[in-house]
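Peer 1: prediction below, plus the sequence it came from.
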Amino acid sequence: MKKIFTATAATALAAIGAASALVAGPADIPLIIEGEEMIARAPAPDYIDGVDTIYSGWLFRSEETQALEVDDFENPAMPAVDYGLELWETADGSEGKSCASCHGDISEMAGVRTVMPKVNENGELWAMEEYINDCRVNRMGAEPWKRTKSPEMLGMTAAIGLQSRGMPMNVAIDGPAAPFWEQGRELYYTRVGQLDMSCANCHEDNYGNMIRADHLSQGQINGFPTYRLKWGGLGSIHRRFKGCMKNIRAEPYKPGGPEFTALELYVASRGNGLSVETPAVRN
Amino acid sequence: MKRSLIAAVAVCVGTSIGPGTASAGTIAPADVRIVDMMVAESLTGVLGDPANGRKVFANRKKGNCLACHANSDMSEMLFHGEVGPPLDGVAERYDEAFLRALLVNSKAVFEGTIMPAFYVDSATLNRVLPKFQGKTILTAQEVEDVLAYLMTLK
(Lines give C-alpha, C1' and ligand atoms only; values in the text may rest on other atoms or scores of the structure.)
Protein backbone atom coordinates (compact mmCIF):
# COMPACT_ATOMS: atom_id res chain seq x y z
CA MET A 1 0.00 0.00 0.00
CA LYS A 2 2.60 2.46 1.19
CA LYS A 3 5.00 1.36 -1.60
CA ILE A 4 2.49 2.00 -4.35
CA PHE A 5 1.74 5.42 -2.92
CA THR A 6 5.43 6.29 -3.01
CA ALA A 7 5.72 5.17 -6.60
CA THR A 8 2.70 7.21 -7.63
CA ALA A 9 4.05 10.28 -5.92
CA ALA A 10 7.39 9.85 -7.64
CA THR A 11 5.76 9.52 -11.03
CA ALA A 12 3.66 12.59 -10.41
CA LEU A 13 6.76 14.54 -9.43
CA ALA A 14 8.61 13.36 -12.52
CA ALA A 15 5.77 14.63 -14.66
CA ILE A 16 5.92 17.96 -12.87
CA GLY A 17 9.65 18.14 -13.42
CA ALA A 18 9.28 17.62 -17.14
CA ALA A 19 6.37 19.97 -17.63
CA SER A 20 7.79 22.24 -14.96
CA ALA A 21 4.81 24.48 -14.48
CA LEU A 22 2.15 22.35 -12.81
CA VAL A 23 3.00 23.20 -9.21
CA ALA A 24 2.73 26.83 -8.50
CA GLY A 25 2.22 28.29 -5.09
CA PRO A 26 1.07 26.67 -1.88
CA ALA A 27 -1.52 23.90 -1.78
CA ASP A 28 -5.10 25.05 -1.40
CA ILE A 29 -6.09 22.70 1.43
CA PRO A 30 -6.61 23.12 5.17
CA LEU A 31 -4.00 21.90 7.63
CA ILE A 32 -5.80 19.84 10.26
CA ILE A 33 -3.63 18.19 12.90
CA GLU A 34 -5.33 15.67 15.16
CA GLY A 35 -8.71 17.20 14.30
CA GLU A 36 -7.64 20.76 15.07
CA GLU A 37 -7.40 23.26 12.20
CA MET A 38 -4.15 25.21 12.13
CA ILE A 39 -3.76 28.73 10.80
CA ALA A 40 -1.64 27.78 7.79
CA ARG A 41 -2.19 31.00 5.81
CA ALA A 42 -2.65 34.49 7.16
CA PRO A 43 -2.32 38.10 6.06
CA ALA A 44 1.35 39.16 6.22
CA PRO A 45 2.17 41.40 9.19
CA ASP A 46 2.30 45.03 7.97
CA TYR A 47 6.01 45.39 8.77
CA ILE A 48 6.84 42.75 6.14
CA ASP A 49 7.36 44.01 2.60
CA GLY A 50 7.36 41.76 -0.38
CA VAL A 51 4.59 39.29 0.55
CA ASP A 52 0.87 39.76 1.12
CA THR A 53 0.08 36.39 2.60
CA ILE A 54 2.17 34.14 4.81
CA TYR A 55 2.03 30.39 4.40
CA SER A 56 3.04 27.39 6.44
CA GLY A 57 5.85 25.36 4.86
CA TRP A 58 3.53 22.34 5.13
CA LEU A 59 1.49 23.64 2.17
CA PHE A 60 4.52 23.25 -0.12
CA ARG A 61 5.39 19.66 0.73
CA SER A 62 4.33 16.49 -1.09
CA GLU A 63 1.12 14.75 -0.04
CA GLU A 64 3.13 11.97 1.46
CA THR A 65 5.18 14.27 3.69
CA GLN A 66 2.07 16.25 4.60
CA ALA A 67 0.34 13.09 5.81
CA LEU A 68 3.09 12.46 8.37
CA GLU A 69 2.44 15.73 10.19
CA VAL A 70 -1.31 15.57 10.63
CA ASP A 71 -1.47 12.37 12.66
CA ASP A 72 0.53 12.03 15.88
CA PHE A 73 0.82 8.26 15.43
CA GLU A 74 2.45 8.76 12.04
CA ASN A 75 4.58 11.73 13.08
CA PRO A 76 8.16 10.42 13.31
CA ALA A 77 9.08 13.20 15.78
CA MET A 78 6.87 11.81 18.54
CA PRO A 79 9.44 9.47 20.13
CA ALA A 80 11.70 12.52 20.60
CA VAL A 81 8.79 14.41 22.16
CA ASP A 82 8.25 11.49 24.56
CA TYR A 83 11.92 11.70 25.52
CA GLY A 84 11.47 15.43 26.21
CA LEU A 85 8.43 14.72 28.40
CA GLU A 86 10.45 12.15 30.34
CA LEU A 87 13.31 14.63 30.87
CA TRP A 88 10.81 17.24 32.09
CA GLU A 89 10.11 15.00 35.09
CA THR A 90 13.71 13.84 35.65
CA ALA A 91 15.75 15.43 38.44
CA ASP A 92 19.26 16.43 37.41
CA GLY A 93 22.14 18.54 38.77
CA SER A 94 23.36 19.52 42.22
CA GLU A 95 19.99 20.94 43.33
CA GLY A 96 18.20 17.64 42.74
CA LYS A 97 15.41 19.35 40.81
CA SER A 98 13.53 18.58 37.64
CA CYS A 99 11.86 21.11 35.36
CA ALA A 100 8.56 20.01 36.86
CA SER A 101 9.75 20.84 40.40
CA CYS A 102 9.47 24.52 39.56
CA HIS A 103 7.29 24.77 36.47
CA GLY A 104 4.71 22.10 37.33
CA ASP A 105 3.06 20.25 34.49
CA ILE A 106 4.61 20.88 31.06
CA SER A 107 1.24 22.21 29.89
CA GLU A 108 2.18 25.33 31.90
CA MET A 109 4.54 26.04 28.98
CA ALA A 110 1.60 26.68 26.61
CA GLY A 111 2.25 29.94 24.76
CA VAL A 112 5.99 30.05 25.46
CA ARG A 113 6.93 28.93 21.96
CA THR A 114 4.83 31.70 20.36
CA VAL A 115 6.99 34.47 21.87
CA MET A 116 10.48 33.01 21.30
CA PRO A 117 13.04 34.39 20.80
CA LYS A 118 12.60 37.24 23.29
CA VAL A 119 14.75 39.70 25.23
CA ASN A 120 15.69 38.56 28.75
CA GLU A 121 15.99 40.63 31.94
CA ASN A 122 19.55 41.62 31.04
CA GLY A 123 18.59 42.96 27.65
CA GLU A 124 19.99 40.01 25.68
CA LEU A 125 18.02 38.26 22.97
CA TRP A 126 17.57 34.60 23.89
CA ALA A 127 15.96 31.75 22.00
CA MET A 128 14.19 28.85 23.76
CA GLU A 129 17.45 26.90 24.00
CA GLU A 130 19.13 29.66 26.01
CA TYR A 131 16.23 29.86 28.49
CA ILE A 132 16.39 26.10 29.00
CA ASN A 133 20.13 26.02 29.51
CA ASP A 134 19.91 28.98 31.89
CA CYS A 135 17.53 26.97 34.08
CA ARG A 136 19.79 23.93 33.88
CA VAL A 137 23.00 25.74 34.76
CA ASN A 138 21.81 28.47 37.15
CA ARG A 139 18.73 26.91 38.73
CA MET A 140 19.42 23.16 38.69
CA GLY A 141 23.21 23.08 38.96
CA ALA A 142 23.31 20.81 35.89
CA GLU A 143 25.42 20.74 32.74
CA PRO A 144 24.04 22.72 29.79
CA TRP A 145 22.70 20.64 26.93
CA LYS A 146 24.45 20.97 23.58
CA ARG A 147 22.41 23.52 21.76
CA THR A 148 22.05 22.30 18.23
CA LYS A 149 22.19 18.56 17.96
CA SER A 150 21.74 16.95 21.38
CA PRO A 151 18.72 14.63 21.65
CA GLU A 152 18.00 16.21 25.05
CA MET A 153 17.70 19.76 23.73
CA LEU A 154 15.79 18.67 20.63
CA GLY A 155 13.40 16.51 22.65
CA MET A 156 12.80 19.25 25.22
CA THR A 157 12.26 22.08 22.69
CA ALA A 158 9.86 19.80 20.77
CA ALA A 159 7.93 18.84 23.93
CA ILE A 160 7.66 22.49 25.05
CA GLY A 161 6.76 23.65 21.51
CA LEU A 162 3.99 21.05 21.28
CA GLN A 163 2.24 22.73 24.24
CA SER A 164 1.63 25.75 21.98
CA ARG A 165 0.51 23.80 18.91
CA GLY A 166 -2.34 25.68 17.20
CA MET A 167 -1.60 28.98 18.96
CA PRO A 168 -0.51 31.83 16.66
CA MET A 169 3.12 32.95 16.61
CA ASN A 170 3.41 36.32 18.30
CA VAL A 171 7.01 37.43 18.82
CA ALA A 172 7.61 40.99 20.00
CA ILE A 173 9.56 43.17 17.59
CA ASP A 174 9.30 46.52 19.36
CA GLY A 175 10.75 47.98 22.57
CA PRO A 176 13.95 46.22 23.60
CA ALA A 177 13.56 43.73 20.72
CA ALA A 178 13.68 46.43 18.04
CA PRO A 179 17.47 46.61 17.48
CA PHE A 180 17.69 42.79 17.28
CA TRP A 181 14.83 42.71 14.81
CA GLU A 182 16.55 45.34 12.64
CA GLN A 183 19.75 43.30 12.72
CA GLY A 184 17.81 40.18 11.71
CA ARG A 185 16.10 41.99 8.85
CA GLU A 186 19.44 43.24 7.59
CA LEU A 187 20.81 39.67 7.61
CA TYR A 188 17.73 38.38 5.80
CA TYR A 189 18.26 40.73 2.87
CA THR A 190 22.06 40.53 2.68
CA ARG A 191 23.51 38.51 -0.17
CA VAL A 192 26.14 36.03 0.90
CA GLY A 193 28.26 33.20 -0.43
CA GLN A 194 29.80 32.32 -3.75
CA LEU A 195 26.26 32.10 -5.17
CA ASP A 196 25.63 35.61 -3.82
CA MET A 197 22.04 35.20 -2.63
CA SER A 198 19.98 36.42 0.30
CA CYS A 199 17.29 34.52 2.16
CA ALA A 200 14.78 36.82 0.44
CA ASN A 201 15.95 35.83 -3.06
CA CYS A 202 14.60 32.33 -2.47
CA HIS A 203 11.99 32.59 0.29
CA GLU A 204 10.39 35.95 -0.58
CA ASP A 205 10.88 36.38 -4.33
CA ASN A 206 10.54 32.75 -5.37
CA TYR A 207 8.32 30.84 -2.94
CA GLY A 208 5.98 28.61 -4.90
CA ASN A 209 8.59 28.01 -7.61
CA MET A 210 10.51 24.80 -8.10
CA ILE A 211 14.26 25.11 -7.64
CA ARG A 212 15.33 21.87 -9.24
CA ALA A 213 13.48 19.20 -7.20
CA ASP A 214 12.59 21.48 -4.27
CA HIS A 215 9.34 23.38 -4.02
CA LEU A 216 10.37 26.67 -2.40
CA SER A 217 8.39 27.76 0.65
CA GLN A 218 8.58 31.03 2.56
CA GLY A 219 11.14 29.51 4.94
CA GLN A 220 8.85 29.86 7.98
CA ILE A 221 9.95 28.56 11.39
CA ASN A 222 6.60 28.01 13.12
CA GLY A 223 7.10 24.23 13.02
CA PHE A 224 10.51 23.93 14.70
CA PRO A 225 12.19 21.85 15.86
CA THR A 226 11.25 20.05 12.69
CA TYR A 227 11.61 16.39 11.79
CA ARG A 228 13.41 16.27 8.45
CA LEU A 229 13.28 13.02 6.51
CA LYS A 230 16.67 13.95 5.06
CA TRP A 231 18.14 14.31 8.55
CA GLY A 232 16.32 11.24 9.84
CA GLY A 233 15.55 13.17 12.99
CA LEU A 234 14.67 16.48 14.58
CA GLY A 235 16.68 19.58 13.77
CA SER A 236 16.80 23.07 15.22
CA ILE A 237 16.10 26.39 13.55
CA HIS A 238 19.78 27.34 13.52
CA ARG A 239 20.72 24.02 11.91
CA ARG A 240 18.32 24.78 9.05
CA PHE A 241 19.71 28.31 8.66
CA LYS A 242 23.20 26.85 8.56
CA GLY A 243 22.21 24.37 5.84
CA CYS A 244 20.65 27.08 3.66
CA MET A 245 23.80 29.20 3.97
CA LYS A 246 26.12 26.32 3.11
CA ASN A 247 24.02 25.51 0.05
CA ILE A 248 24.84 28.91 -1.36
CA ARG A 249 28.48 28.37 -0.37
CA ALA A 250 28.33 30.99 2.38
CA GLU A 251 30.11 30.70 5.70
CA PRO A 252 27.30 30.19 8.22
CA TYR A 253 27.05 32.17 11.44
CA LYS A 254 27.54 30.27 14.68
CA PRO A 255 24.46 28.36 15.88
CA GLY A 256 23.32 30.04 19.10
CA GLY A 257 25.32 33.17 18.25
CA PRO A 258 23.93 36.71 18.08
CA GLU A 259 23.50 36.80 14.29
CA PHE A 260 21.43 33.62 14.00
CA THR A 261 19.35 34.54 17.06
CA ALA A 262 18.57 37.96 15.56
CA LEU A 263 17.78 36.29 12.24
CA GLU A 264 15.53 33.83 14.10
CA LEU A 265 13.60 36.73 15.64
CA TYR A 266 13.13 38.38 12.26
CA VAL A 267 12.10 35.16 10.51
CA ALA A 268 9.74 34.31 13.40
CA SER A 269 8.14 37.75 13.02
CA ARG A 270 7.51 37.05 9.33
CA GLY A 271 5.35 34.18 10.58
CA ASN A 272 3.47 36.10 13.28
CA GLY A 273 -0.12 34.91 12.91
CA LEU A 274 0.65 31.34 11.72
CA SER A 275 -0.06 28.52 14.17
CA VAL A 276 2.77 26.82 15.98
CA GLU A 277 3.06 23.40 14.28
CA THR A 278 5.79 21.85 16.38
CA PRO A 279 6.89 19.20 15.68
CA ALA A 280 6.48 19.71 11.91
CA VAL A 281 7.63 17.17 9.31
CA ARG A 282 9.56 18.18 6.21
CA ASN A 283 11.50 16.34 3.50
CA MET B 1 53.83 41.83 -20.77
CA LYS B 2 53.89 42.49 -17.05
CA ARG B 3 50.10 42.73 -17.05
CA SER B 4 49.46 39.42 -18.69
CA LEU B 5 51.90 37.76 -16.34
CA ILE B 6 49.98 39.06 -13.35
CA ALA B 7 46.76 37.97 -14.98
CA ALA B 8 48.11 34.50 -15.55
CA VAL B 9 49.19 34.18 -11.93
CA ALA B 10 45.81 35.45 -10.76
CA VAL B 11 44.14 32.78 -12.86
CA CYS B 12 46.18 29.99 -11.37
CA VAL B 13 45.31 31.10 -7.86
CA GLY B 14 41.92 32.41 -8.75
CA THR B 15 39.81 29.92 -10.63
CA SER B 16 38.47 26.47 -9.92
CA ILE B 17 40.99 23.76 -10.42
CA GLY B 18 40.44 22.08 -13.74
CA PRO B 19 43.23 20.37 -15.61
CA GLY B 20 44.58 22.37 -18.50
CA THR B 21 42.08 25.21 -18.19
CA ALA B 22 44.26 28.07 -16.97
CA SER B 23 46.47 28.98 -19.86
CA ALA B 24 48.45 32.17 -20.33
CA GLY B 25 45.77 33.45 -22.71
CA THR B 26 43.04 33.25 -20.08
CA ILE B 27 41.56 36.49 -18.78
CA ALA B 28 41.36 36.63 -14.97
CA PRO B 29 37.94 37.33 -13.40
CA ALA B 30 38.92 40.79 -12.20
CA ASP B 31 40.19 41.71 -15.67
CA VAL B 32 37.09 40.86 -17.71
CA ARG B 33 35.56 44.07 -19.03
CA ILE B 34 31.84 44.18 -19.63
CA VAL B 35 31.03 47.00 -22.04
CA ASP B 36 27.37 47.79 -22.84
CA MET B 37 26.35 44.38 -21.46
CA MET B 38 28.74 42.62 -23.82
CA VAL B 39 31.97 40.66 -23.61
CA ALA B 40 33.03 40.28 -27.22
CA GLU B 41 36.33 38.43 -26.73
CA SER B 42 36.64 34.79 -25.70
CA LEU B 43 37.91 34.43 -22.12
CA THR B 44 40.44 31.80 -23.19
CA GLY B 45 40.96 31.98 -26.91
CA VAL B 46 40.06 28.28 -27.02
CA LEU B 47 36.88 27.36 -28.89
CA GLY B 48 34.05 26.31 -26.54
CA ASP B 49 33.02 22.66 -26.45
CA PRO B 50 29.21 22.42 -26.52
CA ALA B 51 29.18 18.77 -25.38
CA ASN B 52 31.09 19.62 -22.22
CA GLY B 53 28.97 22.78 -21.87
CA ARG B 54 25.85 20.63 -21.79
CA LYS B 55 27.32 18.62 -18.90
CA VAL B 56 28.34 21.73 -16.98
CA PHE B 57 24.82 23.12 -17.49
CA ALA B 58 23.24 20.16 -15.69
CA ASN B 59 25.96 19.48 -13.10
CA ARG B 60 24.73 20.51 -9.64
CA LYS B 61 28.23 21.42 -8.50
CA LYS B 62 28.99 23.48 -11.62
CA GLY B 63 26.47 25.52 -13.62
CA ASN B 64 23.40 23.89 -12.09
CA CYS B 65 21.47 25.97 -14.61
CA LEU B 66 18.71 23.36 -14.60
CA ALA B 67 17.96 24.26 -10.97
CA CYS B 68 16.38 27.48 -12.20
CA HIS B 69 15.78 27.03 -15.93
CA ALA B 70 13.72 24.50 -17.85
CA ASN B 71 15.39 23.27 -21.03
CA SER B 72 13.58 20.99 -23.50
CA ASP B 73 16.90 19.74 -24.86
CA MET B 74 17.35 18.00 -21.48
CA SER B 75 13.91 16.40 -21.28
CA GLU B 76 15.60 13.13 -20.28
CA MET B 77 16.50 14.74 -16.94
CA LEU B 78 14.06 15.13 -14.07
CA PHE B 79 13.28 18.32 -12.21
CA HIS B 80 13.71 21.45 -14.25
CA GLY B 81 13.47 24.59 -12.14
CA GLU B 82 11.13 27.51 -12.73
CA VAL B 83 12.93 30.39 -11.02
CA GLY B 84 14.21 31.78 -14.34
CA PRO B 85 12.72 31.66 -17.87
CA PRO B 86 12.95 28.47 -19.99
CA LEU B 87 16.06 28.56 -22.17
CA ASP B 88 14.57 27.03 -25.30
CA GLY B 89 15.61 29.05 -28.34
CA VAL B 90 17.85 31.34 -26.31
CA ALA B 91 20.42 31.58 -29.14
CA GLU B 92 17.75 33.23 -31.26
CA ARG B 93 16.98 35.84 -28.61
CA TYR B 94 20.51 36.92 -27.69
CA ASP B 95 23.91 37.10 -29.31
CA GLU B 96 27.06 35.49 -28.05
CA ALA B 97 28.71 38.61 -26.58
CA PHE B 98 25.64 39.32 -24.47
CA LEU B 99 25.37 35.76 -23.21
CA ARG B 100 29.08 35.73 -22.32
CA ALA B 101 28.57 38.89 -20.25
CA LEU B 102 25.53 37.29 -18.57
CA LEU B 103 27.49 34.18 -17.63
CA VAL B 104 30.51 36.14 -16.39
CA ASN B 105 28.47 38.52 -14.22
CA SER B 106 24.68 38.21 -14.40
CA LYS B 107 24.31 41.30 -12.20
CA ALA B 108 25.91 43.50 -14.84
CA VAL B 109 23.12 42.48 -17.20
CA PHE B 110 20.02 41.86 -15.08
CA GLU B 111 20.18 44.18 -12.10
CA GLY B 112 19.38 42.52 -8.77
CA THR B 113 18.96 39.06 -10.31
CA ILE B 114 19.04 35.87 -8.22
CA MET B 115 21.13 34.25 -10.99
CA PRO B 116 24.71 33.65 -9.78
CA ALA B 117 27.68 35.36 -11.44
CA PHE B 118 29.82 32.49 -12.70
CA TYR B 119 33.14 34.22 -13.30
CA VAL B 120 33.72 37.05 -10.82
CA ASP B 121 36.45 37.75 -8.29
CA SER B 122 35.30 36.15 -5.00
CA ALA B 123 36.86 39.04 -3.08
CA THR B 124 33.92 41.16 -4.26
CA LEU B 125 31.47 38.76 -2.51
CA ASN B 126 30.35 38.43 1.12
CA ARG B 127 31.12 35.51 3.53
CA VAL B 128 32.22 33.03 0.88
CA LEU B 129 32.97 29.62 2.48
CA PRO B 130 36.76 29.34 2.84
CA LYS B 131 37.02 26.42 0.45
CA PHE B 132 35.48 28.51 -2.33
CA GLN B 133 37.46 31.68 -1.66
CA GLY B 134 39.68 32.76 -4.51
CA LYS B 135 37.66 30.59 -6.89
CA THR B 136 34.98 31.17 -9.46
CA ILE B 137 31.91 28.94 -9.84
CA LEU B 138 32.98 28.04 -13.39
CA THR B 139 36.43 28.17 -14.94
CA ALA B 140 36.96 30.46 -17.91
CA GLN B 141 36.87 27.49 -20.26
CA GLU B 142 33.67 26.17 -18.69
CA VAL B 143 32.06 29.56 -19.34
CA GLU B 144 33.11 29.26 -22.99
CA ASP B 145 31.80 25.68 -23.12
CA VAL B 146 28.40 26.58 -21.65
CA LEU B 147 28.22 29.51 -24.02
CA ALA B 148 28.93 27.21 -26.99
CA TYR B 149 26.15 24.95 -25.73
CA LEU B 150 23.68 27.85 -25.35
CA MET B 151 24.42 28.85 -28.95
CA THR B 152 23.06 25.44 -30.03
CA LEU B 153 19.66 26.16 -28.41
CA LYS B 154 17.82 27.45 -31.45
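Peer 2: Here it is on my side, so go on.
Peer 1: for the rest of this, base every contact and every neighbour count on C-alpha atoms.
Peer 2: Noted.
Peer 1: just checking, next helix/strand downstream of the helix or strand of chain B with the lowest mean pLDDT?
Peer 2: Least confident helix or strand of chain B, by mean pLDDT, DSSP states H and E, is helix B:2-14 with a mean of 36. Reading on from helix B:2-14 to the C-terminus, the next helix or strand found by DSSP states H and E is helix B:50-58.
Peer 1: list the contacts of the helix or strand following that following helix.
Peer 2: As assigned by DSSP H and E, the chain's next helix or strand after helix B:50-58 is helix B:90-93. Contact partners of helix B:90-93, identified using CA atoms under 8 Å, 6 or more residues apart in numbering or on different chains, comprise B:Leu150, B:Met151, B:Thr152, B:Leu153, B:Lys154.
Peer 1: check which residues of helix B:90-93 are buried.
Peer 2: By neighbour count on 16 or more other CA atoms under 10 Å in any protein chain shown, the buried set for helix B:90-93 is B:Val90, B:Ala91.
Peer 1: how many neighbours does the residue nearest to A:Thr90 when sequence neighbours are not counted have?
Peer 2: Closest residue in space to A:Thr90, ignoring its immediate chain neighbours: A:Ser98 at 5.1 Å, by CA to CA, 6 or more residues apart in numbering or on different chains. Look at A:Ser98: counted by other CA atoms under 10 Å in any protein chain shown, it has 20 neighbours.
Peer 1: near chain A, which residues of chain B?
Peer 2: Contact residues, chain B versus chain A (CA under 8 Å from any CA of the partner chain): B:66-68, B:70, B:75, B:77-83, B:114, B:116-117, B:122, B:125-130, B:132-133, B:136-137.
Peer 1: how about the contacts made by B:Val120?
Peer 2: B:Pro29, B:Ala30, B:Val104, B:Asn105, B:Thr136.
Peer 1: try it again at 6 Å.
Peer 2: B:Pro29 (CA atoms under 6 Å, 6 or more residues apart in numbering or on different chains).
Peer 1: surely it is in a helix?
Peer 2: No - under DSSP: H, G, I helix; E, B strand; the rest coil, B:Val120 falls outside any helix and is assigned coil.
Peer 1: could you report the pLDDT at it?
Peer 2: Note on B:Val120: pLDDT of 98.
Peer 1: mean confidence for the strand or helix carrying A:Asn133?
Peer 2: Counting by DSSP H and E, the element that carries A:Asn133 is helix A:128-134. The average pLDDT for helix A:128-134 rounds to 98.
Peer 1: just the residues contacting it, thanks.
Peer 2: Applying CA under 6 Å, 6+ apart, the set of residues contacting helix A:128-134 is A:Pro144.
Peer 1: returning to what we had before: which residues touch the residue nearest to A:Thr90?
Peer 2: A:Glu89, A:Thr90, A:Ala91.
Peer 1: repeat that for 7 Å
Peer 2: Residues in contact with A:Ser98 (CA atoms under 7 Å, 6 or more residues apart in numbering or on different chains) are A:Trp88, A:Glu89, A:Thr90, A:Ala91, A:Asp92.
Peer 1: just the buried ones from the residues you listed?
Peer 2: A:Trp88, A:Glu89, A:Ala91, A:Asp92.
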